[in-house]
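Chemist: I need the structure of the sequence given here:
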Amino acid sequence: MAAAPILIGTLALASCSSSKSSSSSSSGGNKPGYTIGFQGPLTGPNAQLGINIDNAVKLAVAQANASGSLPFTLKVAEADDQGDPAKGPTAAQQLIGNSNVVGVVGPTFSGATKAAEPLFAQANLASVSASATNSTLTDPANGFKTFFRIVPPDSAQGTSAADYMAKVLKAKSVYLIDDKSDYGVGLCGNIKAQLGTDGVQVTGDSVAAGTNDYSAVATKVANSGTQALYYCGYYADAAPLAKAMKNTPYTGKTLSDDGTNDPKFIALAGAASEGWQFTCPCLSAAAATDATTMKFVTDYTASANQPPGTYSPEGYDVANTLITVMKPLGTNVTRAGVAEGLKTVDYKGLTKQIKFQPNGEVTEKAIYVYQVQNGKITELGTVDKLIAG
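Modeler: Sure thing, here's the model as predicted:
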C-alpha cells in the first residue's frame, strides 16, 4: 500500500469526529506544509498494535493544526509494513520518496525496524519508534544514526520480567517460548540471562509465528513441571498458545510481553486469556488519573472510535516530540533539522520526560506489569514497585 498523505485539520478536532476517515481539510493560508510519516502494521495478523499508534499520531497532528500556533500545516503519511521485516524496506522507501516527510513515527515492530533503518539513515530521515524494543537496534555499530525510540530496550524488559518472575511470583523454574522473530528471540534471550543470574531453572523452545497448532509445545510445558511460562511474541500467536495451555493440566503462571498486551489477545483467546500477565514498557492510559492523560483518552476515543490501546500514549508522545522539534524551525523544516533537534529535545509527554541519549535511547526505563482480570487488562504496577512490595 502506498504511503497516503492525510491532511488533518481544525475540523477534525473541533467536531471530535468519530470517523476513522483521515480526510479533514484545513486552511493553511500561505503556510508551508510538512508531513509526519507513520510506518507500522495497518493490516495483517497483529495490525492492532500499529493502528493503536497510527490513531494517536493522527490525533496529535489534528490538535497541532487546530491550535493555530504552528508556522506550518501538517499532514500524516502512512506506510503499512504489516509488521513484516520483508516489507519494512518498501514501506520505508515510500516515506523517504515523499519529499514532504520530515520525520517518521515508527517503525512499530523490531524486525521491520531493523530492515528499514539503513534506508532511513541513508536518507537522513529521523524515525522515532514508540514500540520497537530489540536491544540491538541502538547499537552504534549498526549505523542507524537517525533512529530514536521512547521505550526502553528488551534488555530492560527482559531483566525486569525475569526479576518479576523470580522475586514476585517466586518461580523456581521458567519455560521460555519465542516466536523466532528478532523481537521474540532477543527478548527471551535477555530474560534467560537474568533468570540465570536469579538462580532460576530455565527451559526453552522456539515455535515460528503463524503456527496453527500449539498443542505439542503446550503438552511439553505442562509435562515439564515448570512454575511459570513466558511467551516472547505477539498476540496473534499467543492466543492459540493460551488456548492450547488451557487444555492441559498446567497450573503454573502464564506470562507474555508488550506484543501480547492488547485486548485483541483477549478477543482471540477468549476464556483462555484469563489470568495471563504481561510485562510492558508502556503506560496504560485507561488506568491514568491525571487530567492530561484522561483528556487524551477522551479525545482519542472520540477521534478513533475506539479507546487507546497498547502504545497509543507512546505514539502520541512521539508525534508531539517531532512537532516540538519542528516548531522552532519555522517555515524551513528539513529532515536534517529534525534529526539534529531530536538529539537535544526535552519534552514532557504523557508517558515520560522524553530526552535521548547519544545512541537514541530514552533516559526513562519503567517496566509495567498487567494482568487479564475478568476479561479486561488491568495494571498491577511497575516491576520495581511490585518487587519492593
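Chemist: May I have the phi/psi pair for D182?
Modeler: phi -60, psi -40 (degrees, to the nearest 10).
Chemist: So it versus T113, what's the distance?
Modeler: Using C-beta to C-beta, to the nearest Å, D182 is found at 9 Å from T113. C-beta here means a position set from N, CA and C on the backbone, and glycine is covered the same way.
Chemist: what sits in contact with each of those two?
Modeler: Common neighbours of D182 and T113 (criterion: C-beta atoms under 8 Å, 6 or more residues apart in numbering): N134.
Chemist: the more surrounded of these two?
Modeler: T113 (30 against 21; other C-beta atoms under 10 Å).
Chemist: From what I see, that one and V151 are in contact.
Modeler: No. The criterion here is C-beta atoms under 8 Å, and T113 misses it with V151 at 11.6 Å.
Chemist: Find residues that contact each of these two.
Modeler: 129, 132.
Chemist: show me what contacts T159?
Modeler: If you count contacts by C-beta under 8 Å, 6+ apart, then T159 has 190, 194 around it.
Chemist: element containing it, please.
Modeler: helix 154-163 (DSSP states H and E).
Chemist: following that helix, which helix or strand shows up next?
Modeler: According to DSSP H and E, the helix or strand after helix 154-163 is strand 173-178.
Chemist: got the angle for that next one vs helix 154-163?
Modeler: 150 degrees (axes from the mean of the first three to the mean of the last three C-alpha atoms, to 10 degrees).
Chemist: Show me what strand 173-178 pairs with in its sheet, parallel or antiparallel.
Modeler: Here strand 173-178 is paired, per DSSP bridges, with strand 201-206 (parallel), strand 228-232 (parallel).
Chemist: looking at the ones you listed, which is closest to N98?
Modeler: Evaluated with C-beta to C-beta, the strands paired with strand 173-178 place strand 228-232 nearest to N98, the distance being 34.3 Å.
Chemist: Using PDB, list the CA coordinates for the closest one.
Modeler: Provided in PDB are the C-alpha atoms of strand 228-232 (Å, rounded to 0.1, in the frame of the first residue of the first chain):
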ATOM      1  CA  ALA A 228       5.900 -20.200  35.000                       C
ATOM      2  CA  LEU A 229       5.600 -19.900  31.200                       C
ATOM      3  CA  TYR A 230       6.700 -16.800  29.400                       C
ATOM      4  CA  TYR A 231       5.900 -16.300  25.700                       C
ATOM      5  CA  CYS A 232       8.000 -13.900  23.700                       C
END
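Chemist: what sits up against the next helix or strand after that strand?
Modeler: Once strand 228-232 ends, the next helix or strand along the chain (criterion: DSSP H and E) is helix 235-246. With C-beta under 8 Å, 6+ apart as the test, helix 235-246 has contacts from 45-46, 48-49, 177, 179, 207, 209-215, 217-218, 221-222, 229, 231, 254, 256, 259-262, 264-265, 268-273, 276.
Chemist: how close does R335 get to A115?
Modeler: 20 Å.
Chemist: In terms of neighbours, single out the busier of these two.
Modeler: For R335 versus A115, neighbours defined as other C-beta under 10 Å are more numerous around A115 (22 against 19).
Chemist: residues contacting the more buried one?
Modeler: Counting by C-beta under 8 Å, 6+ apart, A115 touches 85-86, 88-89, 92.
Chemist: So it lies in a helix, does it not?
Modeler: Yes. Assignment of A115 by DSSP: H, G, I helix; E, B strand; the rest coil places it within a helix.
Chemist: Just give the number of residues close to the nearest residue to it once chain neighbours are set aside.
Modeler: Among residues not flanking A115 along the chain, G88 sits closest, at 3.6 Å (C-beta to C-beta, 6 or more residues apart in numbering). By other C-beta under 10 Å, the residues close to G88 number 27.
Chemist: Quick check: next helix or strand after whatever helix or strand G88 lives in?
Modeler: Following DSSP H and E, one finds G88 within helix 88-96. Going down the chain from helix 88-96, the next helix or strand is strand 101-105, by DSSP H and E.
Chemist: Now do that next one: which elements does it pack against?
Modeler: strand 33-40, strand 127-129, helix 312-326, helix 335-342 (3 or more C-beta pairs under 8 Å, 6 or more residues apart in numbering; DSSP states H and E).
Chemist: Okay, buried residues for that strand please.
Modeler: Within strand 101-105, the residues that qualify as buried are 101-105, counting by 16 or more other C-beta atoms under 10 Å.
Chemist: what does it rub up against?
Modeler: 3, 34-39, 53, 57, 77, 95, 120, 125-130, 315, 318-319, 322, 325-326, 333-335, 337-338.
Chemist: Are any of the residues you listed buried, and if so which?
Modeler: Among the contacts of strand 101-105, those buried by neighbour count (16+ other C-beta under 10 Å) are 3, 34-39, 53, 57, 77, 95, 120, 125-130, 315, 318-319, 322, 325-326, 333, 335, 337-338.
Chemist: Am I right that V221 sits in a helix?
Modeler: Yes. According to three-state DSSP, V221 belongs to a helix.
Chemist: From A239, how far out is it?
Modeler: V221 is 16 Å from A239, by C-beta to C-beta.
Chemist: Kindly report the same for N65.
Modeler: As judged by C-beta to C-beta, N65 and A239 stand 38 Å apart.
Chemist: the more surrounded of these two?
Modeler: With neighbours defined as other C-beta under 10 Å, N65 and A239 compare such that N65 has more, 27 against 23.
Chemist: quick one: stretch 172-189 to chain centroid distance?
Modeler: Its chain's C-alpha centre and that of stretch 172-189 lie 18 Å apart, by C-alpha atoms, centre = their mean, to the nearest Å.
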